[in-house]
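Participant: When you get a sec, could you give me coordinates for this:
(one chain, ligands or ions: 1)
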Amino acid sequence: MIPINDSPLTRDGKVLVLAYDHGLEHGPSDFTGIPESADPTRTFEAATHPAVTSLAVQKGIAEAYYPSYSDDVDLLLKLNGTSNLWMGEPDTAVNCSVDYAHEIGASSVGFTLYGGSNYEIEMAEEFRRAQERAREYDLPVVMWSYPRGQGLKNDTKSNVIAYASRLALELGADVAKVKYPGSKEGMKDAVRMAGKTKVIMSGGSKRSDRDFLESVKAVMDAGGKGLAVGRNVWQRENPEQILDALEKVIYEGASVDTALEK
Ligand code: FBP
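Facilitator: Now for the predicted structure:
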């Protein structure tokens, strides 16, 4: 494993990835509530907040916008991803090589694995190639570990999330990004199953400040190391405000009440 506590992906051993690959994964509908969120510049600005360790984007956004922010933002290049237009069994295309991610300045890479999909075998082989190449550059690897597919009825059950985090350890990811299993106990299991792989929570769709922060607090209390979040930051009128609160909960161990104090 890579000693990722020395990498820009972490701050004090914790992780706060700002995710902005939704234009590919979900399409323009994610930007309708806050139309200005369609402009990547707004999220690059948010990523300069000291709470954010890295910004996760696809290759095209990185090529077009990262050069203007390379001094202030740490880049996590998401290597694969698929649009919502794809209606088949969960699968994802590899859109960027590790070599190219390194060339354009990424200091870590991200890769989705849909365990349980009919395409799991191909995706795991693609992950193996990316993970081994990333090791040659000392780039930490974050696995978006999302079990889903025709056989899976509920992709947030505790035993499914624990399996997701275990897959990340078994296949050599440094960080496992998993969905919230609905309880602190479920998250504890996921952390235990991940061993030395750090577990972070996937933000999910937009919720109230309190509801969202309560789940982040539960993740931290369960031994998780942070989160990768998109919509719960940039679908807000004021991304900085929620990042201030996240900074308190993740790095200072603050309660949700304290984090919400203005
Ligand atoms: P959110 O915090 O908005 O959920 O973003 C995290 C993320 O993993 C993104 O990187 C990705 O685009 C999205 O969620 C995928 O969500 P799903 O596949 O569950 O629709």
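Participant: When you work out contacts or count neighbours from here on, use the C-alpha atoms and nothing else.
Facilitator: Fine.
Participant: List the contacts of the closest residue to residue 43 other than its chain neighbours.
Facilitator: Nearest non-adjacent residue to residue 43, counting by Cα to Cα, 6 or more residues apart in numbering: residue 234, 6.6 Å away. Residues near residue 234 by Cα atoms under 8 Å, 6 or more residues apart in numbering: 37, 43, 46.
Participant: same deal with residue 209?
Facilitator: residue 242.
Participant: Could you verify my assumption that residue 97 touches residue 130?
Facilitator: Yes. Using Cα atoms under 8 Å, residue 97 makes contact with residue 130 at a distance of 7.4 Å.
Participant: Next, residue 66: phi, psi?
Facilitator: phi -60, psi -40 (degrees, to the nearest 10).
Participant: same check, this time on residue 176
Facilitator: Here is the backbone geometry of residue 176 (degrees, to the nearest 10): phi -110, psi 120.
Participant: For it, name its beta-bridge partners.
Facilitator: Judged by DSSP bridges, the bridge partners of residue 176 are residue 143, residue 199.
Participant: where does residue 61 land in three-state SS?
Facilitator: When classified by DSSP: H, G, I helix; E, B strand; the rest coil, residue 61 comes out as helix.
Participant: does it really touch residue 40, like I thought?
Facilitator: Yes. Counting by Cα under 8 Å, residue 40 is a contact partner of residue 61 at 7.4 Å.
Participant: Which residue of these two possesses the greater neighbour count?
Facilitator: Relative neighbour count places residue 40 above the other of residue 61 and residue 40, with 19 against 16, counting by other Cα atoms under 10 Å.
Participant: And the more buried one, what's its pLDDT?
Facilitator: Listed pLDDT for residue 40 reads 98.
Participant: any idea of the pLDDT on the residue nearest the centre of the chain?
Facilitator: Central residue of the chain (Cα atoms, centre = their mean): residue 228, 3.5 Å from the mean position. pLDDT recorded at residue 228 is 98.
Participant: Would you list the phi and psi of it?
Facilitator: Here residue 228 shows phi and psi, under degrees, to the nearest 10, equal to phi -120, psi 120.
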